[in-house]
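Peer 1: Sequence and predicted structure are below.
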Amino acid sequence: MAGKSSTCVGCPNQAACASGQSSAPDPAIEEIKARMSLVKHKILVLSGKGGVGKSTVASQVAMALSGGGNVTGLLDIDVCGPSAPRMLGVEDMDVHQSGSGWQPVWVDENLCVMSIGFMLPSRDDAVVWRGVRKIGLIKQFLKDVNWEKLDYLVIDAPPGTSDEHITIAQCLNQTSNVGAVIVTTPQEVALLDVRKEINFCRKAGVKILGVIENMAGFVCPHCGNSSEIFVPSEADSVQGPSAVLRGAEAMAKKHGIPFLGRIPLDPKLGIASERGEALKNSLALQSLQSAVQNLRINCKGNT
Ligand SMILES: Nc1ncnc2c1ncn2[C@@H]1O[C@H](COP(=O)(O)OP(=O)(O)OP(=O)(O)O)[C@@H](O)[C@H]1O
Ligand code: SF4
């Protein structure tokens, strides 16, 4: 295994190597532990597939938590596709450095955000980085950003299970009150990858706080009729208390993990995230609030 085998001896990347553990202690870990000791709950937002609405859910969850009076940070570790600055409506802001580290961008008194998106010369610039550089930046985000005292740090990860995920799990596992939320859509093609994400969390030792099913049906704003745009998977179907459970709820039950709720496809949610605003007066709002309430309860149970 890289970082451990005899061929790794002398490699300058051993400390950052995501494929294995270096025998040398990583000096960044103590600094990360110190910084993260001020953060009560760390919530890693994951998805198996791209485009299922993970960043939308992460940013709306962060806004809902902060709107409820909790001091909340959103950390965007999707280095190659950062969207947090836009989704929180602070795209034009800059990150400043002070004696105590990088200052996150404060959206309001209860919500702050950090993303590589703030450091790119233009929004069209691409970040083309190899794993080692991404790993270095993620560690810097954890140790060098002046997060201060937070009730929640919501971490928006890229889709899949790669270097970024291994790094963040390894770093956060050195701290306490860490959990993951997995975002998916209802159909089998998305759930297939969620099962891999569940396995990743179990191997990495990250507790799963729950699954959110996004884009779960479309309620027509004209007539109020509900239509299923993505047919929910039947693979893990199981009889629930009043009806047959399908899609992500059935899968969560089968794997013994909490189901936080489903959020419908809602044009107002798409518009809110494009404009960088919190969702208001919308069909999806109640669903989002209920999922956030379940998440809060599960975070408390994880302390
Ligand atoms: N429930 C919803 N209703 C309407 N639009 C939604 C909903 N969820 C997400 N969207 C829209 O779908 C698009 C993709 O969402 P988002 O960028 O959050 O996905 P992602 O899973 O983070 O993607 P990536 O793979 O790039 O990380 C966005 O335009 C977003 O506004
Ligand atoms: S559900 Fe279909 S038919 Fe009914 S208002 Fe919406 S778009 Fe029209």
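Peer 2: Everything's here; your move. Numbers count the residues shown, from 1 in each chain. Ligands and ions are numbered 1, 2, ... in the order given.
Peer 1: Just say helix, strand or coil for whichever residue of the stretch 151-300 of the chain sits closest to ligand 1.
Peer 2: For the stretch 151-300 of the chain, the residue closest to ligand 1 is Gly270, as judged by CB to the nearest ligand atom, at 3.4 Å. In short, each C-beta sits where N, CA and C put it, glycine included. Under DSSP: H, G, I helix; E, B strand; the rest coil, the three-state class of Gly270 is helix.
Peer 1: got the contact list for it?
Peer 2: Shown in contact with Gly270 (CB atoms under 8 Å, 6 or more residues apart in numbering): Thr56.
Peer 1: pLDDT score assigned to it?
Peer 2: pLDDT recorded at Gly270 is 93.
Peer 1: and the gap between it and Ser100?
Peer 2: Distance, Gly270 to Ser100, by CB to CB, to the nearest Å: 38 Å.
Peer 1: Share the number of residues neighbouring Glu213, please.
Peer 2: 31 (other CB atoms under 10 Å).
Peer 1: Kindly report the same for Asn146.
Peer 2: If you count neighbours by other CB under 10 Å, Asn146 ends up with 17.
Peer 1: and it, what does it touch?
Peer 2: Taking CB under 8 Å, 6+ apart as the test, what Asn146 contacts is 98, 100-104.
Peer 1: ok, 6 Å please
Peer 2: By CB atoms under 6 Å, 6 or more residues apart in numbering, the residues touching Asn146 are 100-101, 103.
Peer 1: State the pLDDT value of Ser6.
Peer 2: Note on Ser6: pLDDT of 62.
Peer 1: Selecting buried members of the contacts of Asn146 in ChimeraX, what would you type?
Peer 2: A single ChimeraX command selects the buried members of the contacts of Asn146 (16 or more other CB atoms under 10 Å):
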select :103
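Peer 1: Ligand 1 next: which of the contacts of Asn146 are close?
Peer 2: Among these, no residue sits close to ligand 1 (CB under 6 Å from any ligand atom).
Peer 1: For the protein, which residue gets nearest to ligand 2?
Peer 2: Per CB to the nearest ligand atom, Cys220 is where the chain lies closest to ligand 2, at 3.0 Å.
Peer 1: what about that residue, how many neighbours?
Peer 2: 10.
Peer 1: swap in Leu269?
Peer 2: For Leu269, using other CB under 10 Å, the count is 24.
Peer 1: Could you measure from it over to Arg275?
Peer 2: 11 Å.
Peer 1: Equivalent analysis for Leu142, please.
Peer 2: Per CB to CB, Leu142 is found 29 Å from Arg275.
Peer 1: more crowded one of those two?
Peer 2: The neighbour count for Leu142 versus Arg275, taken as other CB under 10 Å, is higher for Leu142 (29 against 10).
Peer 1: so who does the more buried one touch?
Peer 2: Listed by CB under 6 Å, 6+ apart, the contact partners of Leu142 are 32, 171.
Peer 1: Let me know the helix or strand that it is in.
Peer 2: helix 131-143 (DSSP states H and E).
Peer 1: Just the pLDDT at the closest residue to Val95 other than its chain neighbours, thanks.
Peer 2: With CB to CB, 6 or more residues apart in numbering as the criterion, Val95 has its nearest non-adjacent residue at 4.6 Å, and that residue is Phe118. For Phe118, the pLDDT comes out at 92.
Peer 1: ok, Phe118 - how many residues close by?
Peer 2: Number of residues near Phe118 (other CB under 10 Å) recorded here: 21.
Peer 1: Helix, strand or coil: sort out it for me.
Peer 2: On the three-state scheme (three-state DSSP), Phe118 is labelled helix.
Peer 1: buried sites along the longest helix belonging to the chain?
Peer 2: Assignment by DSSP state H gives helix 283-301 as the longest helix of the chain. For helix 283-301, the neighbour count (16+ other CB under 10 Å) marks 283-285, 287-289, 291-292, 294-296, 298-299 as buried.
Peer 1: I appreciate the help and will end here.
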